[in-house]
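S.K.: Build me a model:
(one chain, ligands or ions: 1)
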Amino acid sequence: MAQLEIHQFPTRSDNYGVLIHDPERGATAAIDAPDAEELLAALHEKGWALTHILTTHHHHDHTAGNTIVKRMTGCTIVGPAREADSIPGIDVEVKEGDSVEIGSTTARVIETPGHTRGHVSYLFPEDGIVCVGDTLFSVGCGKLLEGDAKTMWRSLQKLMALPAETQLYCGHEYTRANTKFALTVEPDNAELQARAVEAEELVKRREPALPTTIARELATNPFLRPASPEIQKRLGMEGRELWEIFGETRRRKDRF
Ligand SMILES: [Zn+2]
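M.R.: As a prediction, the model looks like this:
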């Protein structure tokens, strides 16, 4: 199996596009299609022919490019069965545990509802990569727009169980803003403090903080850390259920 090549590019106002390319078979998957023109430009720049769009969820800022990109490239659009009605141009509907072949590699579908009711993530187990859309961000997580805290916490636990070195690609990049909130609920977390400093540097250099890794998120992301004694104390929720503490952290972030 050849090493995958990955290309990230900022798109729309604050989305991040991801292209995953298998040089051996010439297959290329885009994670979502936020904007047709910018996605086609990125493909042109790399000289890659698009074979798949792997849709994480139905939101417009993840699917707006579907129809035009499919017409221009003839690619196959894969997306969650539970949201198939609202995903333009969908060809293949997928559920938990399904596999999608991208050239010589395989993406496995993990259902991660909460941000939307049918949101899915795509894991490339042989390559150590997971694309999580708007479920998990660098030091953050997606808003609970179509799911409750318990549902989202279950989704996050699936991602937390992946190998620690797994590279995490997200649909947006808000690291600097996220570290500011995270420090309000866990100010004494030294790794988080270091990430906040690093995030400032990356913004100055106009570089993304993505990909991140499961290990880094486990150490610094407050939404994955409801078991942290410091967070529990700050929230006045010592000993409560982890999903409840997660839910309260999410509510505080919504008001932040
Ligand atoms: Zn979304």
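S.K.: Okay, and the residue nearest to residue 164 when sequence neighbours are not counted sits in which element?
M.R.: Once flanking residues are discounted, residue 164 sits nearest to residue 215: 3.9 Å by CB to CB, 6 or more residues apart in numbering. (Each C-beta comes from the backbone N, C-alpha and C, glycine too.) Using DSSP states H and E, residue 215 sits within helix 214-220.
S.K.: What distance do you get for the nearest residue in space to residue 127 that is not next to it in sequence to the ion?
M.R.: Using CB to CB, 6+ apart and skipping the chain neighbours, the partner closest in space to residue 127 is residue 4 (5.1 Å). As judged by CB to the ion, to the nearest Å, residue 4 and the ion stand 25 Å apart.
S.K.: And residue 26, by the same measure?
M.R.: 30 Å.
S.K.: Count the residues that sit near that residue.
M.R.: 11 (other CB atoms under 10 Å).
S.K.: Hmm, residue 104 and it touching each other?
M.R.: No - using CB atoms under 8 Å, residue 26 is not in contact with residue 104; the gap is 10.1 Å.
S.K.: tell me the secondary structure for residue 243?
M.R.: helix (DSSP: H, G, I helix; E, B strand; the rest coil).
S.K.: For it, which non-adjacent residue is spatially closest?
M.R.: That would be residue 153: by CB to CB, 6+ apart, it lies 3.8 Å from residue 243.
S.K.: On the three-state scheme, that neighbour is what?
M.R.: helix.
S.K.: which residues sit against the next helix or strand after the helix holding residue 215?
M.R.: Using DSSP H and E, the helix or strand that follows helix 214-220 towards the C-terminus is helix 229-234. With CB atoms under 8 Å, 6 or more residues apart in numbering as the contact definition, helix 229-234 has outside contacts at 184-189, 222, 225-226, 238-240, 245, 249.
S.K.: Stretch 21-28 now?
M.R.: Under CB under 8 Å, 6+ apart, the answer for stretch 21-28 is 1-7, 19-20, 43, 46, 48-52, 102-105.
S.K.: If we use 7 Å, what do you get?
M.R.: Residues outside stretch 21-28 that contact it (CB atoms under 7 Å, 6 or more residues apart in numbering): 2, 4-5, 19-20, 48-51, 102-105.
S.K.: dump the residue contacts of residue 171.
M.R.: 15, 16, 32, 56, 62, 133, 134.
S.K.: now the strands for the stretch 51-200 of the chain?
M.R.: Counting by DSSP state E, counting those that start in this stretch, the stretch 51-200 of the chain has strands at residues 52-54, 76-80, 92-94, 99-102, 105-111, 120-124, 129-131, 136-137, 140-141, 167-169.
S.K.: now the ones you listed as JSON lines including mean neighbour count and distance to residue 37?
M.R.: JSON lines is the format used below for the strands of the stretch 51-200 of the chain (neighbours: other CB atoms under 10 Å; distance: least, CB to CB, whole Å):
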{"stretch": "strand 52-54", "mean neighbour count": "26", "distance to residue 37": "15"}
{"stretch": "strand 76-80", "mean neighbour count": "24", "distance to residue 37": "17"}
{"stretch": "strand 92-94", "mean neighbour count": "18", "distance to residue 37": "24"}
{"stretch": "strand 99-102", "mean neighbour count": "16", "distance to residue 37": "23"}
{"stretch": "strand 105-111", "mean neighbour count": "20", "distance to residue 37": "25"}
{"stretch": "strand 120-124", "mean neighbour count": "26", "distance to residue 37": "24"}
{"stretch": "strand 129-131", "mean neighbour count": "25", "distance to residue 37": "22"}
{"stretch": "strand 136-137", "mean neighbour count": "28", "distance to residue 37": "25"}
{"stretch": "strand 140-141", "mean neighbour count": "26", "distance to residue 37": "28"}
{"stretch": "strand 167-169", "mean neighbour count": "20", "distance to residue 37": "21"}
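S.K.: Fine by me, we can end here.
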